[in-house]
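**Student:** Please find the sequence and the predicted model below.
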Amino acid sequence: MPPGVIRQNTAIQWPSHIARKQTTMSIAEKFVAMDYGPALEDPKEALLWLDGHKRRFGHFIGGEWREPAEGSFFDSSDPATGGQIASVAQGSAADIDAAVQAARAALPRWQSLKPHARARFLYAMAREVQKHSRRLAVLETIDNGKPIRESRDIDIPLVARHFYYHAGWAQLLESEFPEYSACGVVGQIIPWNFPLLMLAWKIAPALATGNTVVLKPAEFTPLTALAFADICQEIGLPAGVVNIVTGDGSTGEALVKHGGVDKIAFTGSTDVGRAIRSATAQSHKRLSLELGGKSPFVVFEDADLDSAVEGLVDGIWLNQGQVCCAGSRLLMQESIAETLTEKIRERMSKLRIGSPLDKSIDIGAIVAPVQLERIRRLVDQGVAEGATCWQPQVAMPARGLYFQPTLLSNVHPASTVAQQEIFGPVLAAMTFRTPAEAVELANNTVYGLAASVWSESVNVSLQVAAQIKAGVVWVNGTNMFDAACGFGGYRESGFGREGGREGLLEFLEPTWFKQALALPQARRHDTHSSKLNTNPDDPTPGHRSADRPIDRTVKLYIGGKQVRPDSGYSFEVRGLNGELLGEAPLGNRKDMRNAVEAARKASGWAKTTAHNRAQVLYYMAENLSLRRNEVTGRLAASVGKPQAKKEVEASIERIFTYAAWADKFDGAVHNPPSRTIAIAMNEPLGTVGIVCPIDAPLLGLLSLVLPVLAVGNTSVVVPSETYPIIAGDLYQVFDTSDLPGGAINLVTGHSSELLKTLAEHDDVGAIWCFSDASSAAAAKSFSVGNLKQVFTNEGRAIDWFDARQGEGRWFLQHATQVKNIWVPYGE
Ligand code: NAI
């Protein structure tokens with residue numbers, strides 16, 4: 001047998017007592033014992049396909065197989081046997097460059113196709129995946145180590161479903177997204193845990209929306225992506241629309257850094273996600289990140305415990321626990337903890353570990369030695385930190401990369417195994433007493449990818465689901481996925497969604513925005529001097545510029561109160577002709593922190609009804625309307641009379657727009673193909689830090705603050721540096737409109753300094769920065785630490801007076817994150 005051919009029949013060596021038992025038992029005995037014998041999937045078709053490629057793969061670039069520029073290859077091996085499966089090209093920067101060029105060259109033709117033509121290609125992909133499902137399932141299993149039952153019944157059917165679903169969106173693109181255009185060339189980097197499924201999640205929406213793609217699969221599991229390249233050839237996909245470059249992290253890095261890429265979509269570890277955020281900060285690349293998780297699996301005392309235990313089998317032992325949304329933290333109500341633990345142990349003792357190609361096993365092999373080592377290290381650390389480790393006495397294969405299903409109990413919520421993603425078949429168990437405590441524990445993590453809630457009470461389960469900060473919550477279920485239901489994280493689990501309408505938007509941009517011109521670099525430093533006044537309330541001339549008396553001095557607005565800046569300094573604000581208009585306080589880090597604290601305390605705003613929020617906004621419009629003459633008069637000194645008039649009128653209208661939207665930006669209800677509904681809710685992000693545009697000091701500020709406010713966020717706002725004293729007029733409008741203190745906080749000062757504090761603050765959920773290009777880059781760089789969402793104008797000009805550009809869904813979508821709550825029905 002040539003090297004590299006896998007002897008699946010000998011891959012597993014049963015422990016002698018089992019082997020003996022299997023051969024010596026009579027049929028009657030077997031019937032009573034109900035033991036499973038091995039039932040190996042036939043790998044022949046997959047092996048033939050590998051042989052057809054001589055077990056050696058170059059990159060798939062421009063519709064053809066190409067040798068790697070630097071001529072180097074690495075092995076892809078079977079974690080169950082250690083055997084080499086194939087030799088795969090190691091991508092270099094030159095290979096990435098060739099692939100990006102091919103994708104760029106393919107773009108005009110791909111985009112000139114009618115949506116129906118693109119839909120047909122996606123449909124053909126779905127059909128081919130179904131046709132080759134057995135080959136693909138086996139390839140996935142031998143490359144990754146996952147049980148064939150999973151690749152055959154979960155991964156591959158979901159892959160096909162994804163292409164079908166997106167064939168539909170390709171068909172509907174022009175009618176459903178008439179004002180949007182594709183991003184362009186998309187770089188996609190995927191992990192090894194669901195290799196072909198992650199490819200489908202990335203490629204299907206990108207192609208459906210008219211992008212072309214360079215995809216880099218994970219180095220441990222490149223085979224199904226290469227098989228997909230074959231499918232692209234088989235269906236006659238135009239050359240360069242899909243390019244696949246294999247390699248390790250350095251290949252991914254080259255893709256991320258390539259100047260010809262318009263968007264990066266990444267799934268993988270939070271650390272690499274952070275590196276990618278940092279590497280793309282100085283560019284205008286769009287970015288979506290689907291990162292790690294430490295998802296809670298919450299079981300209440302009224303839950304159907306047997307179902308919950310079966311749920312756990314899927315929740316933490318699916319794919320050996322190498323699942324980003326694995327229910328790796330078991331939170332049990334104290335009253336049932338003992339009973340549930342006993343049931344879990346009993347079930348664990350029945351889990352079968354063995355050759356991934358064996359249809360009767362539950363747990364396969366760990367993907368690579370490094371991952372096995374990581375799991376071992378983390379479990380040891382858990383025990384060293386006080387956890388009790390329990391593993392069932394189950395038969396283990398004699399060789400290959402296996403790890404026993406493991407239960408860690410008495411886990412302290414702050415310990416490493418409760419906080420870090422282990423990515424292995426390891427469950428960390430804790431207890432709680434009340435639903436409130438369950439929510440607190442569930443949210444006690446930097447992640448927010450998924451959660452599973454078990455209770456027979458619809459009130460308890462939905463109340464808890466609503467409070468858990470995660471992109472997906474499964475009620476009385478776990479690990480359910482569907483192409484129609486967006487998947488993605490809160491907090492350090494990343495941003496952006498895959499699947500659903502929201503997933504498509506990750507690959508689209510408003511057409512006007514794509515065409516918008518770059519703004520000149522901020523002229524803020526020309527517009528006011530930075531002379532400081534040590535006492536803003538002191539009218540003595542010695543404290544001010546001598547050229548004219550002060551018209552106006554405003555204060556900061558924090559927690560619904562006007563407050564002095566911590567520094568005691570203010571800065572001069574000058575008008576159109578350089579005349580002194582007044583002074584604005586020079587906010588500093590401390591003021592910013594106070595403002596964030598006030599915004600956090602005003603979180604009740606999110607809980608008010610949408611109707612109430614609409615009412616408050618309507619009052620705001622009314623109150624600005626009452627003051628329109630005085631506000632126009634003052635604003636005129638900064639922007640000239642004609643603009644001031646136009647700005648105030650447009651602002652009143654804009655407030656009406658968002659008062660209208662406040663109770664209409666609803667979510668959706670999906671019907672995934674199972675007896676389940678998925679409720680997609682548009683949830684607020686928390687506190688949004690806003691850096692306002694330089695121009696249109698009033699309209700620009702309101703165009704950003706209002707969508708944020710309308711959907712229940714609170715905000716900390718840095719007004720335009722050209723005319724920050726507009727804040728003085730706004731306090732009065734806010735104060736008289738029943739807006740709760742802290743819902744909007746205004747901190748004037750140098751936006752570049754204030755932006756840093758805002759972006760680095762852990763209690764700020766997102767940054768909206770609409771100044772110049774360098775501020776946009778700074779906002780992204782400062783947000784690397786906690787991976788918050790950043791929404792910017794990329795330094796492009798926005799006409800705030802044009803409703804098509806300055807208001808609407810584009811802003812509302814960025815002010816919310818979709819949470820899908822899956823609720824099963826039926827007996
Ligand atoms: P990883 O994040 O390093 O790899 C994911 C992908 O990113 C691979 O294709 C890899 O080649 C690529 N990559 C690595 N470094 C890169 C860089 N600097 N720039 C661009 N691309 C880069 O994940 P890894 O090392 O395979 O697993 C480590 C840990 O990450 C796991 O133990 C697990 O905790 C977590 N993980 C989480 C996943 C998720 O879906 N949330 C998936 C895979 C891993």
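**Tutor:** Here it is on my side, so go on. Residues are numbered from 1 along each chain as shown.

**Student:** tell me which residues in stretch 113-132 are buried?
**Tutor:** Within stretch 113-132, the residues scored as buried using 16 or more other C-beta atoms under 10 Å are 113, 115, 118-130, 132. Bear in mind the C-beta positions are built from the backbone N, C-alpha and C, glycine included.

**Student:** Give me the residue at the spatial middle of the protein.
**Tutor:** Note on the chain: the residue nearest the mean C-alpha position is residue 495, at 2.6 Å, using C-alpha atoms, centre = their mean.

**Student:** Can you check the distance spanned by stretch 89-96, start to finish?
**Tutor:** End-to-end distance for stretch 89-96, by C-alpha to C-alpha, to the nearest Å: 12 Å.

**Student:** OK, contacts around the closest residue to the ligand within the stretch 451-600 of the chain?
**Tutor:** Closest contact between the stretch 451-600 of the chain and the ligand, by C-beta to the nearest ligand atom, is at residue 493 (7.8 Å). Residue 493 sits next to 270, 290-293, 324, 447-449, 470-471 when contact means C-beta atoms under 8 Å, 6 or more residues apart in numbering.

**Student:** rerun that using 10 Å as the cut-off
**Tutor:** By C-beta atoms under 10 Å, 6 or more residues apart in numbering, the residues touching residue 493 are 270, 273, 289-295, 324-325, 421, 445-450, 469-471, 787.

**Student:** can you check residue 119 too?
**Tutor:** 113, 166-173, 207-208.

**Student:** Quick check: the gap between residue 786 and residue 744.
**Tutor:** Residue 786 sits at a distance of 23 Å from residue 744 (criterion: C-beta to C-beta, to the nearest Å).

**Student:** Between those two, tell me which one has more neighbours.
**Tutor:** Neighbour count, other C-beta atoms under 10 Å: between residue 786 and residue 744, residue 744 has more, with 30 against 17.

**Student:** got the phi/psi numbers for the closest residue to that one other than its chain neighbours?
**Tutor:** The spatial neighbour of residue 744 that comes closest, neighbours along the chain excluded (C-beta to C-beta, 6 or more residues apart in numbering), is residue 715 at 5.4 Å. Torsion angles at residue 715 (phi, psi; degrees, to the nearest 10) stand at phi -140, psi 150.

**Student:** Hmm, residue 715 is touching residue 743, no?
**Tutor:** Yes: counting by C-beta atoms under 10 Å, residue 715 does reach residue 743; the two are 7.3 Å apart.

**Student:** between the two, what contacts are shared?
**Tutor:** Common contact partners of residue 715 and residue 743 (C-beta under 10 Å, 6+ apart): 599, 602, 605, 687, 705, 708-709.

**Student:** Would you mind checking the residues you listed for buried ones?
**Tutor:** Looks like those have 599, 602, 605, 687, 705, 708-709 buried, using 16+ other C-beta under 10 Å.

**Student:** Among these, which ones lie close to the ligand?
**Tutor:** Filtering those for proximity to the ligand by C-beta under 6 Å from any ligand atom leaves nothing.

**Student:** interface residues of the stretch 201-350 of the chain facing the ligand?
**Tutor:** Near the ligand, when you scan the stretch 201-350 of the chain using C-beta under 6 Å from any ligand atom, you find 216, 218-219, 248-249, 252-253, 256, 267-269, 272, 275-276, 291-292, 324.

**Student:** Can you go through these and name the buried ones?
**Tutor:** Taking 16+ other C-beta under 10 Å as the criterion, what is buried in these is 216, 218-219, 252-253, 256, 267-268, 272, 275-276, 291-292, 324.

**Student:** Filter these down to the ones in strands?
**Tutor:** Those of these mapping onto strands are 216, 267, per DSSP state E.

**Student:** Which one among the buried ones among the residues of the stretch 201-350 of the chain next to the ligand sits at the bottom for pLDDT?
**Tutor:** Least confident entry in those, by pLDDT: residue 292, with 92.

**Student:** List the residues that contact that residue.
**Tutor:** Taking C-beta under 10 Å, 6+ apart as the test, what residue 292 contacts is 267-273, 324-325, 420-421, 423, 446-447, 449, 489, 492-494.

**Student:** per-residue confidence for residue 595?
**Tutor:** pLDDT for residue 595: 98.

**Student:** Over to it. Which of the three states is it?
**Tutor:** Reduced to three states with DSSP: H, G, I helix; E, B strand; the rest coil, the structure at residue 595 is helix.

**Student:** gap between it and residue 564?
**Tutor:** Distance, residue 595 to residue 564, using C-beta to C-beta: 13 Å.

**Student:** Show me whatever sits in contact with both of these two.
**Tutor:** With C-beta under 10 Å, 6+ apart, residue 595 and residue 564 have common neighbours residue 556.

**Student:** Out of those two, name the residue with the larger neighbour count.
**Tutor:** Shown here are residue 595 and residue 564; by other C-beta under 10 Å, residue 595 has more neighbours (33 against 15).

**Student:** Wait, that one touches residue 743, no?
**Tutor:** No: under the criterion of C-beta under 10 Å, residue 595 makes no contact with residue 743, lying 11.6 Å away.

**Student:** Count the neighbours of residue 826 for me.
**Tutor:** Residue 826 has 6 neighbours, counted by other C-beta under 10 Å.

**Student:** Assumed it was part of a strand.
**Tutor:** No: judged by three-state DSSP, residue 826 forms no part of a strand; its state is coil.

**Student:** and it, what does it touch?
**Tutor:** 674-676.

**Student:** how much space is there between it and residue 680?
**Tutor:** With C-beta to C-beta as the criterion, residue 826 and residue 680 are 21 Å apart.

**Student:** again with residue 463
**Tutor:** Per C-beta to C-beta, residue 463 is found 18 Å from residue 680.

**Student:** When the two are compared, which one has more neighbours?
**Tutor:** Set residue 463 next to residue 680 and count neighbours by other C-beta under 10 Å: residue 680 wins out with 22 against 14.

**Student:** hey, what's that one bridged with?
**Tutor:** Beta bridges link residue 680 to residue 668, residue 820, judged by DSSP bridges.

**Student:** Of the contacts of residue 826 - the most surrounded one?
**Tutor:** residue 676 (20 neighbours).

**Student:** Quick one: end-to-end distance for stretch 726-745.
**Tutor:** 13 Å.

**Student:** mind checking how far it is from the chain centre?
**Tutor:** Remark: stretch 726-745 is offset 33 Å from the chain centroid, using C-alpha atoms, centre = their mean, to the nearest Å.

**Student:** number of nearby residues for the residue of the stretch 1-150 of the chain found nearest the ligand?
**Tutor:** Distance from the ligand to each residue of the stretch 1-150 of the chain (C-beta to the nearest ligand atom) is smallest for residue 91, at 9.8 Å. For residue 91, the neighbour count with other C-beta under 10 Å is 30.

**Student:** gap between it and residue 240?
**Tutor:** For residue 91, the distance to residue 240 equals 16 Å [C-beta to C-beta].

**Student:** tell me the SS of residue 135?
**Tutor:** Applying three-state DSSP: residue 135 is helix.

**Student:** Tell me, how many residues neighbour it?
**Tutor:** Counted with other C-beta under 10 Å, the neighbours of residue 135 add up to 21.

**Student:** Go ahead and confirm it touches residue 142.
**Tutor:** No: between residue 135 and residue 142 there is no contact under C-beta under 10 Å: 11.0 Å.

**Student:** Now do the shared contacts for those two.
**Tutor:** 43, 46-47, 50.

**Student:** For the residue in the stretch 251-400 of the chain positioned nearest to the ligand, give me its contacts.
**Tutor:** Using C-beta to the nearest ligand atom, the single residue of the stretch 251-400 of the chain nearest to the ligand is residue 252, 2.2 Å away. Taking C-beta under 10 Å, 6+ apart, we find residue 252 in contact with 91, 96, 187-190, 216-219, 245, 264, 266, 268, 272, 275-276.
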